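Trainee: Give the three-dimensional model of this entry:
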Amino acid sequence: MTEYFTLTDTGKVRKSNEDYISTAQTENGILLVVCDGLGGLQGGEIASSLAAETITHEFRNASGFSDPYTFLSESTGKANRKLQEFVAENPEYDAIGTTLAAAYIKNDELFVCHVGDSRVYLLKGEKLIQVTKDHSIVREFVDMGIITAEEAFNHPDRNLITRSLGDPVNCIPDITGPLKLDKGDRVFLCTDGVNNHLTDAEIHNFLSAKKYQKVCDKILAACLKKGGTDNISMICLIF
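Mentor: Residues are numbered from 1 along each chain as shown. As a prediction, this is how the structure comes out:
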């Protein structure tokens, strides 16, 4: 039986929570979404909630679809248009946007869609796979060989992203899949408030725990212990 657990927390420093989690389960499968709003305070909260709820609303109201790529692309595009329409009607929020990480599970297949630096991981057996590739300046530095992955973890520009929903130009999602899921596999979605505090090795250790029901609480506690400098949000699914 597939189970998933969600958790979001403001952290120790921020005054508001600009992250947003939305989930939906229908005859078409399971959709999990995490978003990290940009634009500060109320603007970020609006952007993340509007994007996540638009995508899950489309999923809940779909009569059926055979092509997950088309659904993820079109629903993400609709969320992007909703954000642009909101800004057009509310120009005081002209700088808002949001990241997106979404996982769609149908039968034993996983499809992943993302924009920005919110992540989706897959723990398959003993191997942790980062399915998404951050749309960020620091990730580009790593790809060009300017810095190492270890140096990226503490880089001062690690939060500068190159794509976001709400951006009229740099908003195209990356869609990956299908990835085959086996019994016991774990799917983990998170905003950068998690992976900015925890290394992949630490995330791997938490996701490998046998008592999986408490994994979100334990990850949150670890992030808070390391400062909790950002909002912290995650979805943990065990297949």
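
Trainee: what's the least confident helix or strand in this structure, going by average pLDDT?
Mentor: helix 149-153 (a mean of 82; mean pLDDT, DSSP states H and E).

Trainee: which outside residues touch that helix?
Mentor: Residues from elsewhere that reach helix 149-153 (C-beta atoms under 8 Å, 6 or more residues apart in numbering): 138-139, 141-142, 158, 199. Where you see a C-beta, it was placed from the backbone N, CA and C, and this is true even at glycine.

Trainee: how does it look with 7 Å?
Mentor: Residues from elsewhere that reach helix 149-153, judged by C-beta atoms under 7 Å, 6 or more residues apart in numbering: 138, 141-142, 158, 199.

Trainee: With stretch 226-239 instead?
Mentor: Stretch 226-239 is contacted by residues 2-14, 17-19, 21, 32, 34, 181, 183-194, 196-197, 212, 215-216, 219-220, 223 when judged by C-beta under 7 Å, 6+ apart.

Trainee: Likewise for stretch 49-66?
Mentor: So stretch 49-66 is contacted by 20, 22, 24, 26, 28, 31, 33, 35, 71, 75-76, 78-79, 82-83, 86, 98, 100, 102, 165 (C-beta under 7 Å, 6+ apart).

Trainee: Let's see which of those end up in strands.
Mentor: Among the contacts of stretch 49-66, the subset assigned to strands under DSSP state E consists of 20, 22, 24, 26, 31, 33, 35, 98, 100, 102.

Trainee: circling back to that earlier point, buried ones among the contacts of stretch 226-239?
Mentor: Buried by 16 or more other C-beta atoms under 10 Å: 4, 6-11, 14, 17-19, 21, 32, 34, 181, 185-194, 196-197, 212, 215-216, 219-220, 223, out of those.

Trainee: Among the residues you listed, which lie within strands?
Mentor: Members of these lying in strands (criterion: DSSP E): 4, 6-9, 19, 21, 32, 34, 186-190.

Trainee: got a pLDDT number for L41?
Mentor: In this model, L41 is scored at 64, pLDDT.

Trainee: Residue nearest the middle of the protein, spatially speaking?
Mentor: Most central in the chain under C-alpha atoms, centre = their mean is A101, positioned 3.0 Å from the mean C-alpha point.

Trainee: Let me see the contact set for that one.
Mentor: A101 makes contacts with 34, 114, 118-120, 132, 189, as judged by C-beta under 7 Å, 6+ apart.

Trainee: beta partners for S233?
Mentor: Note on S233: beta-bridge partners by DSSP bridges are T8.

Trainee: residues near it, how many?
Mentor: Residues within reach of S233, counting by other C-beta atoms under 10 Å, total 30.

Trainee: what's the spacing between it and N205?
Mentor: Distance of S233 to N205, computed by C-beta to C-beta, to the nearest Å: 20 Å.
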